[in-house]
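Novice: turn this into a model:
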Amino acid sequence: MRKLLVLIVLLVQFSAALDRQASADYQSRRHALAAKTHGGIVLMFAPMESENTNNLFSFRQDNNFFYLTGWPEPGAALLIQAPAPATDKSPAVAYTEILFLPAHNYPQEKWTGPKLGPENPDAAKITGFDQVKPLDNLRDEIVRLSEHQGGPIYADLPTPHESSNASSPGLQWLVRANAFGHGGPSVDIKPLIESLRTVKDAGEIERLRKASQASVAAHIAAMHAVKPGVNESYISALMQFEWDKRGCDRPAYSPIVGSGLNSTVLHYAQDSETMQAGDVVVIDAAGEYSMYAMDITRTLPISGKFAPRQREIYDIVLGAQQAAVAAFVSGKSKLRTGQPDSLQKAAYDYINTHGKDLHGEPLGKYFIHGLGHYVGLQVHDANDYDQPLGPGSVFTIEPGIYIPEEKIGVRIEDTFYVDANGKLINFDEGLPSKAEDVEKMMAGK
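Specialist: Residues are numbered from 1 along each chain as shown. Below is the predicted model:
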């Protein structure tokens, strides 16, 4: 009975705050990754928990580690051996996957909560792994698996712009312990994982949908609250309250609530000014639900009605978004400018041919950022931009015009996905985007 109670407590602990997918989903990703290594070994580390027991911010798992394991706790390691057929020189190698868990740090757990240890007999059931072993065994398991494998060793290697990353301390220790018999892992695993993450499965789409629903509710609350004399920080705080109470764990990124001239600053993050009558406010804010981010932007007239020039610019931006949506072709379209079938070009051409600035110049030069980006485990998800957008793709379409001279910035952003039939679906379709609908929502209608 005691064993059953302990198992129930652990299962509740690891599922209450995180809407984790079925263990089979994560295991299928590990199998798919192994197939891409052609007989290699994959080694990855979760970040360590902060040694500062007074850390004010909760631990968040590394995106790639979570994608493959669904495991939210710090200090773990993942080892995958891809299967390989027998050859004249070596026997067949079976698929192997092991999750390594660190030993308990009981003083630390008094501050940050109890952790699952490798000694728990139900650890494999709780984590969904074939095997769970103590982290101290990692070196010996690498040596054992390396004896018969002929492929490379893949790991999360630092990029040229990084001096270290979450895996660096563990890899350095293994090299010093002569775990590899040579210089260590030689191939970066990130590109292979990014190619898998480019196509979201049904479970990921569902979690993104929940992030969208919570974030849409927050934007509707903001539409009801924006008015002259309200501080930008109030709107930011209100939105975070709204998506948090609907199950989000944190903001997907630092909320942007920029009014007046601040509306023309793309990543304005101070959110500290008081909103003035007659201005517009750009609200780029969304929540993160169980590690999955959302990204939504709306532009609102602070007085409740767009002035004629504001409405003109707003309608051009909305028209550009609609032009990009109309140009979408599953399996062909791409996001970035300069690529064949670029959605960016469709939006830019619309903006550049549908309005002028105060000097009679086309408005294209005021569209100063990319049309969109992938979304998933992070708001700018690490995906393969060379792949065409097709079933399972999740990305934003976010044209914008920013004219500091006129104190007008307008951005309209929604997150879309491509369903199994190649149809483009707007996660945020319940949130008004037409100018007249925005005004009605702000008026409480």
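
Novice: who are the contact partners of Gln131?
Specialist: Contact analysis of Gln131 by Cβ atoms under 8 Å, 6 or more residues apart in numbering lists Thr96, Glu97, Ile98, Leu99, Ala124. Using the backbone N, CA and C atoms, a C-beta is placed for each residue, glycine as well.

Novice: between those residues, which is nearest Ala84?
Specialist: Proximity of the contacts of Gln131 to Ala84 (Cβ to Cβ) peaks at Thr96, which lies at 11.0 Å.

Novice: quick check on the closest one: phi, psi?
Specialist: Backbone torsions for Thr96, taken as degrees, to the nearest 10, come to phi -140, psi 140.

Novice: over to Tyr417?
Specialist: In terms of degrees, to the nearest 10, the main-chain angles of Tyr417 are phi -140, psi 160.

Novice: how about stretch 174-183 as CSV, C-alpha atoms only?
Specialist: As requested, C-alpha coordinates have been extracted for stretch 174-183 and formatted as CSV (Å, rounded to 0.1, in the frame of the first residue of the first chain):
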residue,chain,number,x,y,z
LEU,A,174,33.0,12.4,-19.7
VAL,A,175,36.0,13.4,-21.9
ARG,A,176,38.2,13.6,-18.7
ALA,A,177,36.8,10.2,-17.6
ASN,A,178,37.9,8.8,-21.0
ALA,A,179,34.3,7.7,-21.7
PHE,A,180,34.6,7.9,-25.5
GLY,A,181,38.1,6.6,-26.2
HIS,A,182,38.7,9.6,-28.4
GLY,A,183,38.1,13.3,-28.4
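
Novice: mean confidence score for that stretch?
Specialist: Throughout stretch 174-183, pLDDT has a mean value of 78.

Novice: now do the buried residues in it.
Specialist: Neighbour counts over stretch 174-183 (16 or more other Cβ atoms under 10 Å) mark Leu174, Ala179, Phe180 as buried.

Novice: neighbours around the closest residue to the first one other than its chain neighbours, how many?
Specialist: So the one you mean is Leu174. In space, and not counting its chain neighbours, Leu174 is closest to Arg139: 6.0 Å by Cβ to Cβ, 6 or more residues apart in numbering. Residues contacting Arg139 under the criterion other Cβ atoms under 10 Å number 16.

Novice: any figure for the gap between Arg139 and Arg176?
Specialist: Arg139 sits 10 Å away from Arg176, going by Cβ to Cβ, to the nearest Å.

Novice: ok, now Ile283?
Specialist: 50 Å.

Novice: just Ile220 next, same as before
Specialist: Ile220 is 55 Å from Arg176, by Cβ to Cβ.

Novice: I figured Asn137 hits Phe100, correct?
Specialist: Yes: counting by Cβ atoms under 8 Å, Asn137 does reach Phe100; the two are 6.8 Å apart.

Novice: more crowded one of the two?
Specialist: Shown here are Asn137 and Phe100; by other Cβ under 10 Å, Phe100 has more neighbours (23 against 15).

Novice: give me the phi and psi angles of that one.
Specialist: Per-residue torsions, Phe100: phi -100, psi 130 (degrees, to the nearest 10).

Novice: for it, which residues are in contact?
Specialist: Ala76, Ala77, Leu78, Leu79, Pro118, Val132, Lys133, Pro134, Leu135, Asn137, Leu138, Glu141.

Novice: which among the residues you listed end up buried?
Specialist: Neighbour-count burial (16+ other Cβ under 10 Å) is assigned, among the contacts of Phe100, to Ala76, Ala77, Leu78, Leu79, Pro118, Val132, Lys133, Leu135, Leu138, Glu141.

Novice: which SS class is the third one?
Specialist: The one in question is Leu78. Per DSSP: H, G, I helix; E, B strand; the rest coil, the local secondary structure of Leu78 is strand.

Novice: domains of this protein?
Specialist: Taking automatic domain parsing as the reference, the chain has its domains at 2-197, 202-442.

Novice: count of residues packed around the nearest residue to Pro362 once chain neighbours are set aside?
Specialist: Nearest non-adjacent residue to Pro362, counting by Cβ to Cβ, 6+ apart: Asn352, 4.6 Å away. Other residues near Asn352 come to 17 when the count uses other Cβ under 10 Å.

Novice: mind checking how far Asn352 is from Lys245?
Specialist: Noted for Asn352: a distance of 42 Å to Lys245, by Cβ to Cβ.

Novice: repeat that for Ile256.
Specialist: In this structure, Ile256 and Lys245 are 21 Å apart, going by Cβ to Cβ.

Novice: more neighbours, these two?
Specialist: More crowded of Ile256 and Lys245, by other Cβ under 10 Å: Ile256, with 23 against 11.

Novice: which one is the more buried one nearest to, not counting chain neighbours?
Specialist: Excluding the flanking residues, the one nearest Ile256 by Cβ to Cβ, 6+ apart is Asp284, at 4.0 Å.

Novice: can you read off the pLDDT for that neighbour?
Specialist: As predicted, Asp284 sits at a pLDDT of 98.

Novice: same check, this time on Gly151
Specialist: Per-residue pLDDT puts Gly151 at 71.

Novice: report the central residue of the protein.
Specialist: The centroid of the chain falls nearest to Gln378 when counting by Cα atoms, centre = their mean (1.7 Å).

Novice: that one contacts Asn63, correct?
Specialist: Yes: counting by Cβ under 8 Å, Gln378 touches Asn63, with 5.6 Å between them.

Novice: what about Val410, which helix or strand?
Specialist: strand 408-411 (DSSP states H and E).

Novice: tell me what that strand is packed against?
Specialist: For strand 408-411, the elements it packs on are strand 280-284, strand 297-301, helix 308-327, strand 400-403, judged by 3 or more Cβ pairs under 8 Å, 6 or more residues apart in numbering; DSSP states H and E.

Novice: those into CSV, with extra columns for distance to Ala24 and mean neighbour count?
Specialist: Formatted as CSV, the helices and strands packed on strand 408-411 follow (distance: least, Cβ to Cβ, whole Å; neighbours: other Cβ atoms under 10 Å):
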stretch, distance to Ala24, mean neighbour count
strand 280-284, 36, 25
strand 297-301, 36, 24
helix 308-327, 34, 19
strand 400-403, 41, 22
